[in-house]
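> okay, here's the prediction I keep looking at, along with the sequence it came from:
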Amino acid sequence: MAADPHRIPLADALAMVQRARLTPPTMVKGWSIDGAIVKEILSQPGATGLRAYLAANGDGQATLVFVGIDGRGRDITEGTIAEYLFPCPPVCDEASPFYGV
């Protein structure tokens, strides 16, 4: 895991997305991510939204890679890219109606 709990370099993000496309990852129920990193991505110059790419970490577990997108829907790859989500399980809200489906 990187020193930062979410930021990853572009090369790592590309490798994770490629890994998921070559070998289907072990799926999880869902993920959570800190709002601070989402705000950081959205506060980049020109960012109007987020794009999430299905990826796989080094253990083959499914994850998501988040990049900002600009007003034309293009990925902002020169800025903050995030991963290192908290998978469910083990980080779950067992009271959520989404947990049991």
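Happy to help now that I have it.
> give me the phi and psi for the closest residue to residue 47 other than its chain neighbours.
Nearest residue to residue 47, sequence neighbours excluded (CB to CB, 6 or more residues apart in numbering): residue 68, at 3.8 Å. Yep, even glycine has a C-beta here, placed from its N, CA and C like the rest. Per-residue torsions, residue 68: phi -80, psi 160 (degrees, to the nearest 10).
> residue contacts, residue 92?
Counting by CB atoms under 8 Å, 6 or more residues apart in numbering, residue 92 touches 29, 30, 99.
> which of the residues you listed are buried, as a ChimeraX select command?
Command for ChimeraX, covering only those of those found buried under the criterion 16 or more other CB atoms under 10 Å:
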select :30
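> nearest to residue 54 among the contacts of residue 92?
residue 30 (13.1 Å; CB to CB).
> tell me the bridge partners for the closest one.
Residue 30 has these beta-bridge partners by DSSP bridges: residue 88.
> isn't it up against residue 98?
Yes - counting by CB atoms under 8 Å, residue 98 is a contact partner of residue 30 at 6.5 Å.
> all helices for the chain, in order.
For the chain, helices defined by DSSP state H occupy the ranges 10-22, 35-42.
> out of these, which gets the lowest mean score?
Least confident of the helices of the chain, judged by mean pLDDT, is helix 10-22 with a mean of 87.
> what comes up buried for that helix?
12, 13, 14, 15, 16, 17, 19, 20.
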